[in-house]
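Peer 1: return atomic coordinates for the entry below.
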Amino acid sequence: MDQSVAIQETLAEGESCTIAVECVSLLNDVRDSKLIGLVRQNKEHALFIYSHRRMAITGEDVTLGQIIPISYDFSVVEVSSPDELAVVGADTRVRVTFLEEELELKLPFGSHTRLFLSEVNRAWSDVCQQYPKEEPKFDWLTKYRKVSKGARSLRKSIGATTVKMSQMKKAERAHTANSSALKKEDESARGDALQSQEKVKGEVKDDLIRNSQPVLSNKAQMLGMPQFGLRDNLIKCELLKNEDAYTYIENYSFFLGTYNVNGQTPKESLSPWLASTASPPDFYLIGFQELDLSKEAFLFNDTPKEPEWMLAVYKGLHPDAKYALVKLVRLVGIMLLFYVKAEHAPHISEVEAETVGTGVMGRMGNKGAVSIRFQFHNSDICVVNSHLAAHTEEFERRNQDFKDICRRIQFRQEDPTLPPLTILKHNIVLWLGDLNYRISDLEVDHVKDLISKKDFETLHTYDQLKRQMDEEVVFVGFTEGEIDFQPTYKYDTGSDQWDTSEKCRVPAWCDRILWRGKSIKQLHYQSHMTLKTSDHKPVSSLLEIGIKVVNEESYKRTFEEIVRQIDRLENDCIPSVSLSEREFHFQDVKFMQHQARTVTVHNDGQVPCQFEFIQKLDEPAYCKPWLTANPAKGFLAQGASVDIDLEVFVNRHTAPELNAGLQQLEDILVLHLERGKDYFISITGSYLPSCFGSSLSALCLLREPIQDMPLESIRELSVKSNSPVIDSADKPQEIPKEIWMMVDHLFRYAKKQEDLFQQPGLRSEFEEIRDCLDTGCLDTLPGSNHSVAEALLLFLDALPEPVIPFSFYQQCLDCCSDSSHCRQIISMLPQCHKNVFNYLTAFLQELLRHSAYNRLDVNVVAPIFAGLLLRSPDKQDINEKRKVKEFFQHFLVQTSSDRDIHEKSPE
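Peer 2: As a prediction, the model looks like this:
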């Protein structure tokens, strides 16, 4: 996930976060997770260091702690110990120095970190080149003094005139140290790998991070270097076309394992599972689900169980080989571990990890996926560990989760000019996890009878995943081996006995392993019944995968021949393309509903070309915020074509102005060819106004559904809603009818609904609910309780002015510990805002009275609703979030002044 987006939201206009990376700061043996971003303003750069307690998705998830300007007084030097340097996959420690201040960081493995370090080095080099003509002043950092612990550093840097050339010498010494360290690393890697792993240090990394020079045998790494331009992109394209001429297939064994541990700690050896093969596999890819079921893990993505299970895995690996931990990635309770035989580690490159939550509002990480992609020799491999939606009837939600994961997980490439890689763009995809597909249309006794007869073939015909794959709804192109083991869910913990609880779950094959790609053969697929820690049984699959390995001599010959051909072809011809269409109209665009059209760009010229959508004069981006083009830039060989998806998506940021008629769906895209001309693409569309993204005051004036009213009338009511004086003929409703419909539905049908506001609904059902509210076509809302609950959260999140207006925000924080003062502030809100606040809090109080059924408590409800009802006009820090939650908690305890929920309804 690109976490620079979260940092960008905290920055002022004119400042941009060019790249960000997660790291661990080391101070007095205390490890603290940080997010560090390289921020640019004009020609000046600084490192912004943030604390965060969860995956940084938006600016609200991070808090600025320190700023380090990049000037002559700045240096970054590797300080890894000899023991760390000697280990294949060791962390890289660097020391960042500014004036008298030092900060020691551990940076994660991967090409993204290499790119980050190179960008920092480039920023410092720019300082050297500009001095003394343009000495950095860093005036733009003064505004951060109050929020940054590095204010002292800022005061020293602003206006400084001294130049310390010793930093250059430090950098030279660091480069020399890196080169010698790499040699030592190769010599002692095998002997020390085992000892290092027993320390279980966290995300252990590969030594490639310390190598800034391309390896000739790794063509993808060499050609992926950022400095390569048009000519080299053509070489890369031709090399890929002729890959069969210089590669051969060599088989390697991959052990894939998945285990839902139900929040338990390791209580038994994992060897019967992980060391079940006769010979040690070349690779281990081990996935866990439900690693930690606590609220703390759910809300903050922190868990002490991570190192416990890491150690258990390490001890359970095959004893006849030494393994290096290449990567660990975790999202709440979903964890993926990647081990490799030490001798194969030098051939692994381009390791990247991404996570995506598919919980409520697409952000909660209790369900979702973690993924690792890497290149081994010349094959691209992507591994996904997912935990999809639960419950037998929710197979459509599982299908949606799968599609969301495939769409939202995107890996940044080493070459920043190339578009991100999705899961399905890899040669080989390995997918494992608790997919949660169940056995349906059979009674539990019938299922158990088929299991006792070992008639798994008949039972498999009732498996939801098999049925959905047969219908090509999900996992198209994937293969699963024959299942000849009994279902892995659900058992009484600590036994082999089927579920004897009150729910008496139907046994199911929830835990699955699938693959996609060529030259893959499954050697075994089995469950491991001897492990009894959880209510699931672990599953493993041993795959023999044909990997493309480069023949160096053949590669050299092919490369030289391609270069000779390009030399003959190069001339002064101007690139040219043709477009399939130049005008696109998007009809009936709706809130949070994608529409996409495709334009085909064909290179009809005599030379290859590079294209890019460019900004128009005085505009901040190449397109309006509701529009994207994918890919936005790329390379076209002669005679080649590319399909560019033009996507329109109206969200909470763009809906308010469209609803009020202040903006229309109109834009012009400029497609620019390097060394060629520009092409213009016209985009128009019609937007259907929605209650989502409309103001409370405007909705209270709407007597009819919003889509039944002429656009001009909506504009007039939007203007009236902002006026302090409203005509008596336009007396507003007490609350918007749309809020009343959603809350009334939940009040009637969902007071005892388990996991309300924690389990997401179906997107298709949200769209039906939105249409119902916008058109008034139904008296009762469609969809499940979870879909209605999520629609309510999305409605509140999309309000342009929150329920407690921005102007009251600071007052609420100042009196957050005083209940009477908090209630006094609410009494001063505009009437419709006050009515909505009281209505919602009365509803939540009613839900909490049924907590024995719905499992809700104040600690769950308060964080969810507080951040929606009391939003900050700017970035919130952790202290402000605590105060917002404290303020709102006063209203979750009912008092005599609180009105009953069913007394309030629109007139």
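
Peer 1: so where's the stretch 301-450 of the chain uncertain?
Peer 2: Across the stretch 301-450 of the chain, the ranges flagged by pLDDT under 70 are 301, 362-365, 415-417.

Peer 1: how about a cut-off of 80?
Peer 2: In the prediction, the stretch 301-450 of the chain carries residues with pLDDT under 80 at positions 301-302, 359-366, 414-419.

Peer 1: mind jotting down where the helices sit in it?
Peer 2: Taking DSSP state H, counting those that start in this stretch as the test, the helices found in the stretch 301-450 of the chain are 305-316, 395-408, 444-452.

Peer 1: contact partners of the first one?
Peer 2: Counting contacts by C-beta atoms under 8 Å, 6 or more residues apart in numbering, the residues outside helix 305-316 that touch it are 197-198, 200, 202, 261, 265-266, 269-271, 273-275, 284, 286, 288, 291-292, 323, 325, 328, 330, 335, 337, 339. For every residue, glycine as well, the C-beta is placed using N, CA and C.

Peer 1: make it 6 Å
Peer 2: Residues from elsewhere that reach helix 305-316 (C-beta atoms under 6 Å, 6 or more residues apart in numbering): 197, 200, 265-266, 270-271, 274, 286, 291-292, 337.

Peer 1: any chance of a markdown table for these, columns secondary structure?
Peer 2: Converted to a markdown table, the contacts of helix 305-316 look like this (DSSP: H, G, I helix; E, B strand; the rest coil):
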| residue | secondary structure |
| --- | --- |
| 197 | helix |
| 200 | coil |
| 265 | coil |
| 266 | coil |
| 270 | coil |
| 271 | helix |
| 274 | helix |
| 286 | strand |
| 291 | coil |
| 292 | coil |
| 337 | strand |
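
Peer 1: buried ones among these?
Peer 2: Buried members of these, counted by 16 or more other C-beta atoms under 10 Å: 197, 200, 266, 270-271, 274, 286, 291-292, 337.

Peer 1: okay, and the helix or strand of the chain with the least pLDDT?
Peer 2: Between all helices and strands in the chain, the lowest mean by mean pLDDT, DSSP states H and E belongs to helix 219-223, at a mean of 35.

Peer 1: hmm, back to that, and of the helices of the stretch 301-450 of the chain, who's closest to residue 370?
Peer 2: Closest to residue 370 of the helices of the stretch 301-450 of the chain, according to C-beta to C-beta: helix 395-408, at 9.8 Å.

Peer 1: now the helix or strand where residue 746 lies: mean pLDDT?
Peer 2: For residue 746, the host element (DSSP states H and E) is helix 737-749. For helix 737-749, the mean per-residue pLDDT is 95.

Peer 1: before we move on, back to that, after the least confident helix or strand of the chain comes which helix or strand?
Peer 2: Next along the chain after helix 219-223, taking DSSP H and E as the criterion, comes helix 230-241.

Peer 1: about what we covered before: tell me which of the helices of the stretch 301-450 of the chain lies nearest to residue 878.
Peer 2: helix 305-316 (22.1 Å).

Peer 1: dump the closest one to CSV, restricted to CA.
Peer 2: In CSV, the C-alpha atoms belonging to helix 305-316 read as follows (Å, rounded to 0.1, in the frame of the first residue of the first chain):
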residue,chain,number,x,y,z
LYS,A,305,1.3,-13.0,19.2
GLU,A,306,3.2,-12.2,16.0
PRO,A,307,6.7,-13.2,17.4
GLU,A,308,5.2,-16.2,19.2
TRP,A,309,3.9,-17.7,16.0
MET,A,310,7.1,-16.7,14.1
LEU,A,311,9.2,-18.6,16.6
ALA,A,312,6.8,-21.6,16.4
VAL,A,313,7.1,-21.6,12.6
TYR,A,314,10.9,-21.4,12.6
LYS,A,315,11.2,-24.3,15.0
GLY,A,316,8.8,-26.4,12.9
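
Peer 1: okay, how far is it across stretch 512-521, tip to tip?
Peer 2: Stretch 512-521 has its terminal residues 16 Å apart, counting by C-alpha to C-alpha, to the nearest Å.

Peer 1: buried residues, that stretch. List them.
Peer 2: Buried, per 16+ other C-beta under 10 Å, within stretch 512-521: 512-517, 520.

Peer 1: ditto for stretch 874-893
Peer 2: Residues of stretch 874-893 classed as buried by neighbour count (16+ other C-beta under 10 Å): 875-877, 880-881, 883-892.

Peer 1: which of those fall in helices?
Peer 2: Of the positions in the buried residues of stretch 874-893, 880-881, 883-889 sit in helices, assigned by DSSP state H.

Peer 1: quick one: contacts of the host helix or strand of residue 865?
Peer 2: Assigned by DSSP H and E, residue 865 belongs to helix 858-869. In this structure, residues lying in contact with helix 858-869 by C-beta under 6 Å, 6+ apart are 757, 796-797, 803-804, 844, 884-885, 888-889, 892.

Peer 1: do the same with stretch 478-494
Peer 2: With C-beta under 6 Å, 6+ apart as the contact definition, stretch 478-494 has outside contacts at 451, 456, 460, 499-500, 505, 507-511, 514-516, 522, 525-527, 532, 535-537, 539.

Peer 1: give me the buried subset of those.
Peer 2: Using 16+ other C-beta under 10 Å, the buried ones in these are 456, 460, 499, 505, 507-511, 514-516, 522, 525-527, 532, 535-537, 539.

Peer 1: against which helices or strands is the strand or helix carrying residue 833 packed?
Peer 2: Element membership for residue 833 (DSSP H and E) is helix 831-848. Other elements packing on helix 831-848 under the criterion 3 or more C-beta pairs under 6 Å, 6 or more residues apart in numbering; DSSP states H and E are helix 696-701.
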